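Colleague: Sharing a model prediction with you, sequence too.
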Protein chains: 2
Amino acid sequence: MLTEKSDEHYMLQALREAQTALEKGEVPIGAVVVAKDQIIGRGYNQTELLKDPTAHAEMIALTAAFNSMGAKYLPDATLYVTIEPCLMCAGALYWSKIGRIVWGADDEKHGHKNRTNQNPFHPKTAITSGILKEPCARLMKDFFLSKRK
Amino acid sequence: MLTEKSDEHYMLQALREAQTALEKGEVPIGAVVVAKDQIIGRGYNQTELLKDPTAHAEMIALTAAFNSMGAKYLPDATLYVTIEPCLMCAGALYWSKIGRIVWGADDEKHGHKNRTNQNPFHPKTAITSGILKEPCARLMKDFFLSKRK
C-alpha cells in the first residue's frame, strides 16, 4: 500500500544533506524539494567549496528542482530545510511560488523572520516549522563549537 | 592619464546587459560588478531561458565576480544594477559583504525597500540610487507595455 511519506521522513533526508555539508567542512545545512512523494532536488550548503556565499542548501535544491521539472514555478512542491531560511533564500522561495516550506530549527541570527516586516513568501505558500528541530539545531551548534576550539 | 570611471559609465554597462536581456525576451534588468576599475562580473536576467526564477542579473553577476576573484567576500567591489534589488538579491548582496551597491530606478512592486524592517545589507555597504534612473526605468516600462499588447 502506498502512503504519503511524513514530514519527518523528508526532514531526515534534508538532515542527511546537512551531514554531507558537515563532512566537507561546510556550515551543516541541508535541503530537499519534494513533489508527488518524490525528491526532485537536493542541496547542501557549499559556500566554502564554491567560494560563493549564495550557494546555500535551499538555492541549490531549488535550482535542481527547477531543472528537474523544467518549470520555474513549483506550486505543488514542498521544500524541507534543516534551518530557517535567510532573507536571500526566503526571497528565492517567494519567486518559486513553492506550495509549502518546512524547516527544522529557527535561526535567531540570520533567519528571515527578524528581518522582514511582512510574510516574505508567496501568499499561497504554506509554512511549517519545528520538524526535527533538535537534531537540526544540534548539528549547527556542534559545528560552531568545534570551530571555536 | 588614468582616471576613475564614473558611476554613469558603469551603469551604462549594466544597461547594456539589460538590453541583452530585452533582446532575449527577458525582463530587462542588467548588472555589473566592478573592482579596481575593472568589470569582474556581468549578468542579465535569465529567468525565462533557464526556467529558474532565481536567475536574476545580480545573482549571475555576483557569482561571476566570486569566481573571478576566487573569494566569497567582495568588500572592495561595487555592484551596479539597473533596478532596485529584490529581497533575494538584497540577501545575496548582504552575504557578499560588497563594498557598495548602485542602482538605477526604484522598484515599487518587488524592490527590497518595502519588504524589510531594517537595512538588509551589510553595515559597511554603501548605497547609491537614482543613477541613470530614467533609461533604466524606461526599458522596464516599455517591456511590460509590449507584453500587454
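Modeller: Thanks, I have it. Note that the structure is a prediction, hence the values are computed from the model and not measured. Residues are numbered from 1 along each chain as shown, chains lettered A, B, ... in the order given.

Colleague: Distance check, A:Asp52 against chain B.
Modeller: 5 Å (Cβ to the nearest Cβ, to the nearest Å). Placement of C-beta: from N, CA and C, glycine included.

Colleague: Could you do A:Lys141 as well?
Modeller: Applying Cβ to the nearest Cβ to A:Lys141 and chain B gives a distance of 21 Å.

Colleague: Ok, A:Ile83 next?
Modeller: 14 Å.

Colleague: which parts of the helix or strand bottoming out on mean pLDDT in chain A are buried?
Modeller: Sorted by mean pLDDT, DSSP states H and E, the helices and strands of chain A end with helix A:133-148, the least confident at a mean of 93. Going by neighbour count (16 or more other Cβ atoms under 10 Å in any protein chain shown), the buried part of helix A:133-148 is A:Lys133, A:Cys136, A:Ala137, A:Leu139, A:Met140, A:Phe143.

Colleague: Over to stretch A:120-131?
Modeller: A:Pro120, A:Phe121, A:His122, A:Thr125, A:Ile131.

Colleague: mind listing the helices for chain A?
Modeller: A:7-23, A:57-69, A:87-96, A:133-148 (DSSP state H).

Colleague: these two touch, right, A:Asp52 and B:Ser68?
Modeller: No - A:Asp52 is beyond contact range of B:Ser68, at 11.5 Å (criterion: Cβ atoms under 8 Å).

Colleague: what about these two, which has more around it?
Modeller: Between A:Asp52 and B:Ser68, A:Asp52 has the larger neighbour count (other Cβ atoms under 10 Å in any protein chain shown), namely 21 against 16.

Colleague: Let me see the confidence value for that one.
Modeller: Model confidence at A:Asp52, given as pLDDT, is 96.

Colleague: if I look at the nearest residue to it once chain neighbours are set aside, how far off is B:Tyr44?
Modeller: Distances taken as Cβ to Cβ, 6 or more residues apart in numbering or on different chains put B:Phe66 closest to A:Asp52, at 4.6 Å, once the chain neighbours are dropped. Distance, B:Phe66 to B:Tyr44, using Cβ to Cβ, to the nearest Å: 18 Å.

Colleague: the more surrounded of the two?
Modeller: Legend: neighbour count by other Cβ under 10 Å for B:Phe66 and B:Tyr44, higher for B:Tyr44 (28 against 23).

Colleague: partners of the more buried one in the sheet?
Modeller: Here B:Tyr44 sits in beta bridges with B:Gly30, going by DSSP bridges.
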